[in-house]
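[1] Dropping a prediction and its sequence here:
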There are 2 protein chains.
Amino acid sequence: METRRIAAVLRDGQPDETVMVRGWVRTKRELKGFAFVEVNDGSALASLQVVLNADLQGYDAAIARINTGAAIAVGGTLVASQGKGQRIELQATSVNVYGEADPETYPLQKKRHSFEFLRTIGHLRARTNTLGAVFRVRNACATAVHRFFQKRGFLWVQTPIITTSDCEGAGELFTVTGLDLDKLPMAAGRVDFERDFFGRRAYLTVSGQLEAEVMALSFENVYTFGPTFRAENSNTSRHLAEFWMVEPEMAFCDLAGDADLAEEFLKYAFRTVLETCPEDMEFFNLRIDKSVLATAQNIIESEFARITYTEAIALLEKSGRAFEFPVEWGLDLQSEHERYLAEVCFQRPVIVTDYPVGIKAFYMRLNGDGITVAAMDVLAPKIGEIIGGSQREERYDVLDRRIRAAGMIPEDLWWYLELRRYGTVPHSGFGLGFERLIQFMTGMSNIRDVIPFPRAPQSADF
Amino acid sequence: METRRIAAVLRDGQPDETVMVRGWVRTKRELKGFAFVEVNDGSALASLQVVLNADLQGYDAAIARINTGAAIAVGGTLVASQGKGQRIELQATSVNVYGEADPETYPLQKKRHSFEFLRTIGHLRARTNTLGAVFRVRNACATAVHRFFQKRGFLWVQTPIITTSDCEGAGELFTVTGLDLDKLPMAAGRVDFERDFFGRRAYLTVSGQLEAEVMALSFENVYTFGPTFRAENSNTSRHLAEFWMVEPEMAFCDLAGDADLAEEFLKYAFRTVLETCPEDMEFFNLRIDKSVLATAQNIIESEFARITYTEAIALLEKSGRAFEFPVEWGLDLQSEHERYLAEVCFQRPVIVTDYPVGIKAFYMRLNGDGITVAAMDVLAPKIGEIIGGSQREERYDVLDRRIRAAGMIPEDLWWYLELRRYGTVPHSGFGLGFERLIQFMTGMSNIRDVIPFPRAPQSADF
């Protein structure tokens, strides 16, 4: 008897076929002479309805052990379902209970549980409808990332997690050490990192960009897709201490090309998820956020607006809105401003470019006006900034000045500077927080519910 | 004029087509009235030969700036090549020099460089033939990992990098901390980790397996592909402090099914790389290790042998060989033993199963004999162990005993134990060190040369 995944049975199964399925019991209803058991194996949102007749050998013993959460294998014949809600069901001829789940203690009973509670049972929560759907969408989207870039000839490069360059502000870095913290070696009253594993102080990376630039200047088009870290003490629904980032980097590419890629990428990701996980996406639209499907269609179908930061400021100034944060050329855009631009002004995603040099990172290319840089943020309705990118400063002298102006030491970035000495080219890239994207796609309100094992302040369970 | 990647031009370009290519100059030969310039953009091992005629506008100024390492864009017409070694070449009609490379200081001149030297210029070494080929093969193989598992309905799950469970021996763990090491908070003479970012001591993960088991018990088949860490002070050609691991995990699967998957996976990975990167693989066979292609064919074509550990010991005992390390039931197999089995006894990969309980991890399923566990190692000719896996202990009581016997505290693994209380099933998985696989495929002798930015003791540059 062929073993099949439940998604395949629900989609393609035909009456009279004999199949074996395996999975975990969602519900059991005992009636006179038979029982209905819903079995789910994680391959689909829907469960397969199994009918166990009382004349099945060992029925009484089995049915007593089949409770919500139990793991079972059922063999039988598919029949057209007479009940509502499913096309096909499985008439059991054999059943095997692998593992029981005591109904007195199993935490996932049929009632609804809060996402807060589910976070305390991270080892079981993926067995719920919502988290199951989240992780299927996450997988579909992660796979789409690779397919998108590989189709375009981009090389996936693994940039280092442990780094000794502290490039974007020390306050948010985790230290990585092989030292025994109870017996730290000291030199002149300070920790002697020369005696640490790497011979100097090491951190968890906040971005693979600088190393991706190295690879782009050998392979033209590359991307990273890996974990990054922030030791930021932000206990919010949009921050994680550990999250995955997608960072493409392209040689011979300017900011306009970068924006093109960002727009294409977002459209592709949404289209793929709608095609791959239609039931899951409908579930989110029905149960989590009624705008999920409309938002996805908006991303897929609309041409993204493109305006400069200076134009954005003008739009905000003449909006007549009383914003909480001030609107003034030179100040960064806040979430309320970003959402106004995307939701009210354009009602579609908008790419804002050419920000003031003072509010952007040292590596962004200085524009001819001397006061803005070739940066871009992609702002989406409902979420605000989803992608941030820039053309990189490829001119040695300008970059050297910018590094010094940022209070950093050029010698620490000698290799990054040398890329501008040997075969430098215009190049651009962007960063996309993968969990923010999944949050955006699914409408889940807390980012801790779109990653299997979230890491946040005071929280690193499982 | 259409811009094309050099790999596409070399493969499909036809005489009289006009194209633009971009890349970095490998060599320049000035002759009377014209110059040959080899341009490489990382898309292929081979470079494109560009012919610049002296009547080209701005020829003298351009040719003076075109040196090894310079970044250029060349437009022109493809012509059949009269020279040896290439089918087609580009007759330039325009040339643009983006970035020069001073021949006095550019470190990558035409001569051969040692891999040791190249490691000191990690920002440039990917521009060499060998490292370029390594990273193309690495990308092809990484993509094959995803394709293999996605085709089979496995979900890619991102398991946490930062972990608070210390499961496989504290000595090899890096500590992750948000504390200021110069001002550690103390309590009763020891570091007070309650005041650290996560409220307790945190580490970098050594494996995603335990969390992958969580996900397999919701989705049946899952895999991880992400970075893992060892703070092991091993300065060898086979160890990295940071490396990528592939870890599939399958519910309702026993050790034999696990071994089947491992064998299929290795065959698929080698086949894909041979198909995707034939020139690169021939280059390794020619320049790095003359057995690379034969080894790949052996993996693809041979049925892997399968023997038990007990049988392996018997084969070693009757081998008549004088091994450096003792051969005795109960002792672990050393590299010399593994290679003897794969290279001499079987001349193909061999999967050794059912190791003594005393030398394997607590989570491996205890066999009926009470003295062996359902573990497997895949041993390959020339490299030894390439995959390690096991059926996991799914019985609550047995696992609880094994945890205690290993000197660990069951409460620390409460969630892992609970998976055996609620819907437990037989399940299995394995781990594959991705860099070891790339080393094996390419014949590269040092593992630091198959990852873009290697991390090892005293070494975390770039």
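    Done, it's in.

[2] Name the nearest residue to residue A:72, ignoring sequence neighbours.
    The shortest distance from residue A:72 to any residue other than its chain neighbours is 5.3 Å, reached at residue A:97 (Cβ to Cβ, 6 or more residues apart in numbering or on different chains). For every residue, glycine as well, the C-beta is placed using N, CA and C.

[3] Can you give me the domain assignment for chain A?
    Taking automatic domain parsing as the domain assignment, the record places the domains of chain A at A:2-99, A:126-170+A:206-449, A:171-203.

[4] could I get these as a markdown table with mean pLDDT?
    Shown next, in a markdown table, are these (pLDDT from 0 to 100):
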| stretch | mean pLDDT |
| --- | --- |
| domain A:2-99 | 96 |
| domain A:126-170+A:206-449 | 96 |
| domain A:171-203 | 92 |
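
[5] could you redo the ones you listed as TSV and give each row mean neighbour count?
    As requested, the domains of chain A are exported to TSV (neighbours: other Cβ atoms under 10 Å in any protein chain shown):
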stretch	mean neighbour count
domain A:2-99	18
domain A:126-170+A:206-449	20
domain A:171-203	16
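
[6] As CSV, the ones you listed with distance to residue B:414 would be great.
    Formatted as CSV, the entries for these read as follows, by distance: least, Cβ to Cβ, whole Å:
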stretch, distance to residue B:414
domain A:2-99, 17
domain A:126-170+A:206-449, 17
domain A:171-203, 26
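
[7] now the residue nearest to residue A:72, what's its secondary structure?
    Look at residue A:97: counting by DSSP: H, G, I helix; E, B strand; the rest coil, its state is strand.

[8] could you pull out the strands for the stretch 51-200 of chain A?
    Under the criterion DSSP state E, counting those that start in this stretch, the stretch 51-200 of chain A contains strands at A:71-80, A:88-99, A:155-156, A:162-163, A:175-177, A:186-187, A:190-191.

[9] now residue A:179, nearest residue through space, not along the chain?
    The shortest distance from residue A:179 to any non-neighbouring residue, by Cβ to Cβ, 6+ apart, is to residue A:196 (5.3 Å).

[10] do the same with residue A:131
    If the residues on either side of it in the chain are set aside, residue A:131 comes closest to residue A:125, at 4.7 Å by Cβ to Cβ, 6+ apart.

[11] cool, and residue A:39?
    Excluding its sequence neighbours, the residue lying closest to residue A:39 (Cβ to Cβ, 6+ apart) is residue A:23, at 4.4 Å.

[12] what about the one you found, which helix or strand?
    Per DSSP states H and E, residue A:23 falls inside strand A:18-31.

[13] for that strand, packing partners?
    Under the contact criterion of 3 or more Cβ pairs under 8 Å, 6 or more residues apart in numbering or on different chains; DSSP states H and E, strand A:18-31 touches strand A:2-3, helix A:6-12, strand A:34-40, strand A:48-53, strand A:71-80, strand A:88-99.

[14] Given the fifth one, what are its sheet partners and their directions?
    Spelled out, that is strand A:71-80. For strand A:71-80, the paired strands and their directions (DSSP bridges) read strand A:18-31 (antiparallel), strand A:88-99 (antiparallel).

[15] Which elements pack onto the helix or strand hosting residue A:247?
    Counting by DSSP H and E, the secondary-structure element that holds residue A:247 is strand A:242-251. Using 3+ Cβ pairs under 8 Å, 6+ apart as the contact test, the elements touching strand A:242-251 are helix A:129-151, helix A:209-219, strand A:221-229, helix A:255-276, strand A:427-433, helix A:434-442.

[16] I figured residue A:391 hits residue A:372, correct?
    No. In this structure, residue A:391 is not within contact of residue A:372 by Cβ atoms under 8 Å, at 11.7 Å.

[17] Now do the helices in the stretch 301-450 of chain A.
    A:309-317, A:335-339, A:396-405, A:414-418, A:434-442 (DSSP state H, counting those that start in this stretch).

[18] Could you work out which of those reaches nearest to chain B?
    Taking Cβ to the nearest Cβ as the measure, those were each checked against chain B, and helix A:414-418 came out nearest at 4.0 Å.

[19] Enumerate every residue touching whichever residue of the stretch 351-462 of chain A sits closest to chain B.
    In the stretch 351-462 of chain A, no residue comes nearer to chain B than residue A:424, which is 3.4 Å away by Cβ to the nearest Cβ. By Cβ atoms under 8 Å, 6 or more residues apart in numbering or on different chains, the contact list for residue A:424 reads A:217, A:394, A:395, A:396, B:71, B:98, B:99.

[20] Over to residue A:193?
    Applying Cβ under 8 Å, 6+ apart to residue A:193 gives the contacts A:199, A:200, A:201.

[21] I figured the last one hits residue A:174, correct?
    No. Using Cβ under 8 Å, residue A:201 makes no contact with residue A:174, being 11.5 Å away.

[22] Skip the chain neighbours and tell me the closest residue to residue A:154.
    Ranked by Cβ to Cβ, 6+ apart and with sequence neighbours excluded, the top spatial neighbour of residue A:154 is residue A:221, at 4.4 Å.

[23] cool, residue A:152 as well?
    Counting by Cβ to Cβ, 6+ apart, residue A:152 lies nearest to residue A:221, which is 6.8 Å off, once chain neighbours are set aside.

[24] For the one you found, give me its contacts.
    Each residue near residue A:221 by Cβ under 8 Å, 6+ apart is listed here: A:149, A:152, A:153, A:154, A:155, A:248, A:249, A:250, A:251.

[25] Which of those residues sits closest to residue B:272?
    residue A:155 (15.2 Å; Cβ to Cβ).

[26] Was I right to think the closest one contacts residue B:132?
    No. In terms of Cβ under 8 Å, residue A:155 does not count as a neighbour of residue B:132; the distance is 10.1 Å.

[27] which neighbours do those two share?
    Common contacts of residue A:155 and residue B:132, defined by Cβ under 8 Å, 6+ apart, comprise A:219, B:42.

[28] residues contacting the closest residue to residue A:268 other than its chain neighbours?
    On the basis of Cβ to Cβ, 6+ apart, the spatially nearest residue to residue A:268 that is not a chain neighbour turns out to be residue A:148, at 5.0 Å. Contacts for residue A:148 were tallied using Cβ under 8 Å, 6+ apart; they are A:264, A:265, A:268, A:269.

[29] Okay then, goodbye and thanks.
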